[in-house]
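> Show me the folded form of this:
(one chain, ligands or ions: 2)
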Amino acid sequence: MAVNKVNEDLLRERARYTFNIEELTNFIDGGEEGTRNRREVEDMVIHVKELHDEVPEDYLSHKERYENAVKKGCILIDLLKEHVLRHSSFDAYKPSNMYRVLSMAKEVSPVLLHMGMFVPTIFGQASAEQQEEWLHKALMLEIIGTYAQTELGHGTFLRGLETTATYDPSTEEFVLHSPTLTSYKWWPGGLGQTANHCIVVAQLYSREKCYGVHAFLVQIRDSETHMPLPGIKVGDIGPKLGFQTANNGFLGFDHFRIPRKNMLMRNAQVLKDGRYVKSKSDKLTYGTMMLVRVMIVSDAAYELSRAATIAARYSAVRRQSMPRPGQPEPQILDYVTQQHKVFIAIATSHALRLTGGWLWDAYSSLTHDLDQGNLDQLPELHALACCLKAISSRDSNSLVEQCRMSCGGHGYMSSSNFPTIYGATAATVTYEGEYTVMLLQTARYLMKAWKEALGGIVLTPTVAYMVTYNKAKPAWVNTPEAIIQGFHAVAVGKVKEAADGIEYHQNSGKDYEDAWNAASVMLVKASECYCRAIICETFWKEIQKHSRSMSRNLAVVLQQLSELYLSYWVLERSGDFFQVRTVPLTRTKFEFVSFASPKCHCQMCTGFVAHITSVVVLAVQVSIQNLTLTFCTRKRNEFDIGSC
Ligand SMILES: CCCCC/C=C\C/C=C\C/C=C\CCCCC(=O)SCCNC(=O)CCNC(=O)[C@H](O)C(C)(C)COP(=O)(O)OP(=O)(O)OC[C@H]1O[C@@H](n2cnc3c(N)ncnc32)[C@H](O)[C@@H]1OP(=O)(O)O
Ligand SMILES: Cc1cc2nc3c(=O)[nH]c(=O)nc-3n(C[C@H](O)[C@H](O)[C@H](O)COP(=O)(O)OP(=O)(O)OC[C@H]3O[C@@H](n4cnc5c(N)ncnc54)[C@H](O)[C@@H]3O)c2cc1C
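Ligands and ions are numbered 1, 2, ... in the order given. So this is what the prediction gives:
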């Protein structure tokens, strides 16, 4: 049988790298132990023949595809359980660990929601006694759960959920009911045929009073027969854009009774006589969503890294066209346009991975604070989790599509794996908080921060520059730090523009809600810019931090990737950079001018495309006096740049 020979072009490209591959691998895995763990699991997986499809899953029926995914899910979960039990350091919920193992089966696992939301909700919202009863069963998959929050009529607006949980003190039970068609739970992964339990988010009623949405652990199928219990209507919601084996389902209750003790009572409680004990914050019910949003940042990076790897390899082996008659067809990797498509995907996968790790650390510190009853960091972390989840999933999904397109027709084949990766990342832009809604949540936080900044109040870390920016005029020199300061200036400008927009509409007679809505496009933009500034700054600082302990050759390459990322986004947002101007005064007042404004004296380099291999450090030089923004470029090596 012909031995698979590695493509010569690929071998030649691999022979050209200037840094230690194992060192980079360890860096990506979070250290040598991370690489060892990953390889151990991958070695286990790669040798399990049941995980390899004889027939492309696209040619299977929906039933066969689902059964195939269940079989693989069981195998992978056993590996995960064994590995978690054997390696305490392999923390299943650290970014990408759990998701990475489950995604080795290519098709989305019907137990993803069990691992991704059902178990974490028990961790985060069940009392100690309840964890005693359910956690081990869930971790060992003796019960299989999902997270049933979204309804046909409401996904974003949680306070509008219609499913009710009414306390009956005479029997010490909650009666779950779906009063309308729109109250049917719709979307929960695994609900179609897989889960026998679920976390149900419902409006809690006790003594005729509604206390808002709370979480309940509900058995919906018989543990022996797996048939729906009486009073339960459940099934599959049908075909989707992707995620075909996630087994998303619907669920309706007809006056279905559960014991009082099945209300998750870590935060709020209902006593036997029906008295309600309030939690420190009713937003703690939303805790699982924050965890998954934090995980999505790293998992979006992971999916993008897969797509970027496929595109980079294909670009090395694909030869096409003949720019010079009689010469061999060049590798498409040599086309600048190809590099412009692929290299930003590589840089972004690193940017999002490092930002995801930074966010995970912030989340871990918050959960420790919450255990101590300290909720101070909750608002900022919610704002961070919202915008980073939105931007990371959107960037990942659009760059996955860009990688697919960079592979021409072969990128359109299922065997390229792009369709599966695209389907998974497209879902993340919507689930766990829809893109726009998440950015508007962050905008709520930014509007408050702006008001405090104007009052000179010291702000939380990620918005502190809004005050310091007003005090110390930045000495902007020709460095990546200057670009990061530029992103801060753009973010402050957009926040101010949105705040002024709300004020303008209020002054013209609108109430706050209508003024907010009228300014909401600017509010979304302000959140995007705030988030971009965080990713740029975190990527750059993480690379600087890690560079000190890595070999120089690797540090140089990672530094170039971070500079590429910064310069790419300055070019993508050059209009915003030109709009920022500062006027010299005791308190620098950011005046955001429109392009049309005669006051703006921009000398703009237009239409210039950076040659991606040569990392162009593009710096913003602002001369405060005459408000001239001059973009100057400094080539890092001999490659030409387009033309200005
Ligand atoms: C690339 C592949 C990766 C895949 C794998 C990734 C991860 C692996 C794991 C598993 C998961 C796998 C698959 C996941 C499947 C998806 C599952 C789901 O989709 S579950 C359902 C998700 N649903 C949502 O996210 C709903 C979104 N809506 C909301 O969160 C809320 O309705 C709201 C938009 C935030 C508005 O809520 P509300 O109306 O109550 O609040 P406001 O009035 O706007 O604000 C009040 C106040 O509360 C603060 N706040 C709101 N939410 C939170 C929170 N979560 N935490 C903390 N604080 C919160 C808000 O800031 C306001 O504060 P203030 O301004 O001070 O008043
Ligand atoms: C693949 C997949 C898996 C899922 N898995 C689960 C699961 O396991 N469990 C679960 O509970 N849910 C799950 N969901 C549901 C998901 O959480 C919701 O789809 C998501 O929260 C969006 O809610 P929605 O569908 O009601 O959209 P809507 O909120 O109706 O959004 C529709 C449009 O309205 C806009 N909009 C809504 N509110 C506002 C506002 N206040 N201001 C401005 N614009 C607004 C949105 O921006 C969007 O453009 C899943 C969804 C998908 C796609």
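> Report the separation between the residue of the chain found nearest ligand 1 and residue 101.
When scored by CB to the nearest ligand atom, the chain has residue 116 as its residue closest to ligand 1, at 2.2 Å. Placement of C-beta: from N, CA and C, glycine included. To residue 101, residue 116 is 12 Å away according to CB to CB, to the nearest Å.
> next one: residue 231
Applying CB to CB to residue 231 and residue 101 gives a distance of 36 Å.
> between these two, who's got more neighbours?
residue 101 (24 against 15; other CB atoms under 10 Å).
> Leaving out sequence neighbours, find the closest residue to that one.
residue 80 (4.9 Å; CB to CB, 6 or more residues apart in numbering).
> show me the contacts for the one you found.
By CB atoms under 8 Å, 6 or more residues apart in numbering, residue 80 lies in contact with 41, 92, 98, 101-102, 115.
> Same question for residue 412.
Residue 412 is in contact with 404, 418-419, counting by CB under 8 Å, 6+ apart.
> Around ligand 2, which positions in the stretch 351-500 of the chain sit nearby?
427, 430-432, 434, 436-437, 440 (CB under 6 Å from any ligand atom).
> Which of these sits closest to residue 298?
Within these, the smallest distance to residue 298 is 13.3 Å, found for residue 432 (CB to CB).
> Provide a list of residues in contact with the closest one.
Going by CB under 8 Å, 6+ apart, the list of residues near residue 432 reads 289, 292-293, 296, 389.
> out of these, who's nearest residue 146?
The closest of the contacts of residue 432 to residue 146 turns out to be residue 292 (CB to CB; 12.7 Å).
> Check which helix or strand the closest one maps to.
Applying DSSP states H and E as the criterion places residue 292 in helix 287-317.
> now for that helix, which elements pack on it?
Contacts defined by 3 or more CB pairs under 8 Å, 6 or more residues apart in numbering; DSSP states H and E place helix 287-317 against helix 8-15, helix 97-102, helix 119-125, helix 336-371, helix 378-405, helix 418-430.
> which element follows the second one toward the C-terminus?
Think helix 97-102. Moving toward the C-terminus from helix 97-102, the next helix or strand (DSSP H and E) is helix 112-113.
> Report whether that following helix contacts ligand 2.
Yes: with CB under 6 Å from any ligand atom as the measure, helix 112-113 is seen reaching ligand 2 through residue 113.
> Show me what that helix is packed up against.
Identification of packing neighbours for helix 112-113 by 3+ CB pairs under 8 Å, 6+ apart yields no helix or strand.
> give me that answer again for 10 Å
Judged by 3 or more CB pairs under 10 Å, 6 or more residues apart in numbering; DSSP states H and E, helix 112-113 is in contact with helix 97-102.
> Show me what the helix it packs on is packed against.
Going by 3+ CB pairs under 10 Å, 6+ apart, helix 97-102 lies up against helix 32-46, helix 62-86, helix 112-113, helix 287-317.
> Which of the residues in the second one are classified as buried?
What that stands for is helix 62-86. Across helix 62-86, burial judged by 16 or more other CB atoms under 10 Å covers 65-66, 68-70, 72-73, 75-77, 79-80, 83-84.
> Over to the longest one?
When burial is assessed from 16+ other CB under 10 Å, helix 287-317 yields the following buried residues: 287-308, 310-316.
> quick check: mean pLDDT across the helix or strand hosting residue 251?
Residue 251 is part of strand 249-253 when elements are defined by DSSP H and E. Mean pLDDT, computed over strand 249-253, is 98.
> Show me what that strand is packed up against.
Against strand 249-253 (3+ CB pairs under 10 Å, 6+ apart) you get strand 147-148, strand 173-177, strand 185-186, strand 197-206, strand 232-236.
> need the next SSE after it, C-terminal direction.
strand 256-259.
> list the buried ones in that following strand?
For strand 256-259, a neighbour-count test (16+ other CB under 10 Å) marks 256, 258 as buried.
> and what of stretch 543-553?
Within stretch 543-553, the residues that count as buried by 16+ other CB under 10 Å are 543, 547, 550.
> how deep is residue 209 tucked in, by neighbour count?
For residue 209, using other CB under 10 Å, the count is 9.
> quick one: contacts for it?
Counting by CB atoms under 10 Å, 6 or more residues apart in numbering, residue 209 touches 274, 276.
> Neighbours of the residue of the chain found nearest ligand 2, how many?
Nearest residue of the chain to ligand 2, counting by CB to the nearest ligand atom: residue 155, 2.2 Å away. Using other CB under 10 Å, residue 155 has 18 other residues around it.
> Mind checking what secondary structure it has?
Secondary structure assignment for residue 155 (DSSP: H, G, I helix; E, B strand; the rest coil): coil.
> could you list every residue that touches it?
Applying CB under 10 Å, 6+ apart to residue 155 gives the contacts 149, 161, 186-187, 430-431, 433-434, 437.
> Quick one: buried ones out of those residues?
Judged by 16+ other CB under 10 Å, buried ones among those: 149, 161, 186-187, 431, 433.
> Need these in TSV (columns: pLDDT and distance to residue 109).
Output for the buried ones among the contacts of residue 155, formatted as TSV (pLDDT from 0 to 100; distance: CB to CB, whole Å):
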residue	pLDDT	distance to residue 109
149	98	20
161	98	27
186	98	20
187	98	16
431	97	15
433	97	22
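> closest to residue 133 among those residues?
For those, the nearest to residue 133 is residue 149 (22.1 Å; CB to CB).
> List the residues that contact that closest one.
Counting by CB under 10 Å, 6+ apart, the residues that residue 149 touches are 117, 121, 155, 158, 161, 163, 185, 187-188, 198-202, 213, 215, 285-286, 288-289.
> One more: residue 330?
318-324.
> go again using 7 Å as the cut-off
319, 323 (CB atoms under 7 Å, 6 or more residues apart in numbering).
> And it, how far from residue 309?
21 Å.
> For residue 254, which non-adjacent residue is spatially closest?
residue 231 (4.6 Å).
> do you know how far the one you found is from residue 6?
Residue 231 is 59 Å from residue 6, by CB to CB.
> any weak-confidence spans in the protein?
1-3, 83-97, 468-478, 581-644 (pLDDT under 70).
> got the residues of it near ligand 1?
Residues of the chain lying near ligand 1 (CB under 6 Å from any ligand atom): 99, 112-113, 116-117, 147, 149-150, 155-159, 189, 283, 286, 289-290, 292, 295-296, 299-300, 303, 378-379, 382, 424-425, 428, 431-433, 437, 441, 444.
> Against residue 47, how distant is residue 36?
17 Å.
> More neighbours: these two, which one.
More crowded of residue 36 and residue 47, by other CB under 10 Å: residue 36, with 15 against 9.
> thinking again about what came up before, can you pick out the most distant pair from the residues of the stretch 351-500 of the chain next to ligand 2?
427 and 440 (20.3 Å).
> List the buried residues in the helix or strand harbouring residue 538.
Here residue 538 sits within helix 520-547, counting by DSSP H and E. Using 16+ other CB under 10 Å as the test for burial, helix 520-547 gives 520, 522-540, 542-543, 547.
> now that helix and helix 336-371, what's the angle there?
Angle of helix 520-547 versus helix 336-371, following axes from the mean of the first three to the mean of the last three CA atoms, to 10 degrees, is 90 degrees.
> Using CSV, write down the CA coordinates of the following helix or strand past helix 520-547.
Toward the C-terminal end, the helix or strand that comes next after helix 520-547 (DSSP H and E) is helix 552-572. Extracted in CSV, the C-alpha atoms of helix 552-572 (Å, rounded to 0.1, in the frame of the first residue of the first chain):
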residue,chain,number,x,y,z
ARG,A,552,14.9,34.7,21.6
ASN,A,553,14.0,33.2,18.2
LEU,A,554,10.5,32.3,19.5
ALA,A,555,10.1,35.6,21.2
VAL,A,556,10.9,37.5,18.0
VAL,A,557,8.3,35.5,16.0
LEU,A,558,5.5,35.9,18.6
GLN,A,559,6.4,39.6,19.0
GLN,A,560,6.0,39.9,15.2
LEU,A,561,2.6,38.2,15.4
SER,A,562,1.4,40.6,18.1
GLU,A,563,2.7,43.6,16.1
LEU,A,564,0.9,42.2,13.0
TYR,A,565,-2.3,41.9,15.0
LEU,A,566,-1.9,45.5,16.2
SER,A,567,-1.1,47.0,12.8
TYR,A,568,-3.9,44.9,11.1
TRP,A,569,-6.5,46.4,13.4
VAL,A,570,-5.2,49.9,13.1
LEU,A,571,-5.6,49.5,9.4
GLU,A,572,-9.1,48.0,9.8
